[in-house]
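Trainee: below are the sequence and a predicted model for it; my questions follow.
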Amino acid sequence: MTEERGEAEEVDSVLAALADPTRRQVLDLLAARGEVTATRLAEELPVSRQAVVKHLAVLDAAGLVTGSRVGREVRYAVRPAALNATARWMSALAADWDRRLAHIKRVAEAAEAAERASRG
């Protein structure tokens, strides 16, 4: 598998994980609180602890969070690397669209100028 293909799959996984609003809330809470247990997250969300654990598993599979055992607890924290790869992809996509739109603008302005010149 090429590095580009691996990064594309990582972006796909991140976008799929972030498509769910509860998972976005979980990620926001982790970003704000640092290391947090699933029990603590469930106290702040309108879902059960078991649902939080399932959401954390999806976020973990996407590389967005990591869990570390501390005694009997598992504490979760945000892993920014996967978000960074997705942000780079989105930035490149936005830059490509900006280039395309600038080209369309130049073509439209040239056509408009040519039309004015042919009338005048």
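Mentor: Nice, I can see it.
Trainee: and the longest helix for this structure?
Mentor: Using DSSP state H, we find that the single longest helix of the chain is helix 80-119.
Trainee: which helices and strands sit right next to that helix?
Mentor: Here helix 80-119 touches helix 3-18, going by 3 or more C-beta pairs under 8 Å, 6 or more residues apart in numbering; DSSP states H and E. C-beta coordinates here come from the backbone N, C-alpha and C atoms, glycine included.
Trainee: next, the buried residues of the following helix or strand past the helix it packs on.
Mentor: Next in sequence after helix 3-18, counting helices and strands by DSSP states H and E, comes helix 21-33. Using 16 or more other C-beta atoms under 10 Å as the test for burial, helix 21-33 gives 23, 25-27, 29-30.
Trainee: and those residues as CSV, adding pLDDT and distance to residue 82?
Mentor: Shown next, in CSV, are these (pLDDT from 0 to 100; distance: C-beta to C-beta, whole Å):
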residue, pLDDT, distance to residue 82
23, 97, 13
25, 97, 18
26, 97, 14
27, 96, 11
29, 96, 17
30, 96, 13
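Trainee: need those in CSV (columns: distance to residue 36).
Mentor: Converted to CSV, these look like this (distance: C-beta to C-beta, whole Å):
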residue, distance to residue 36
23, 14
25, 12
26, 9
27, 11
29, 7
30, 6
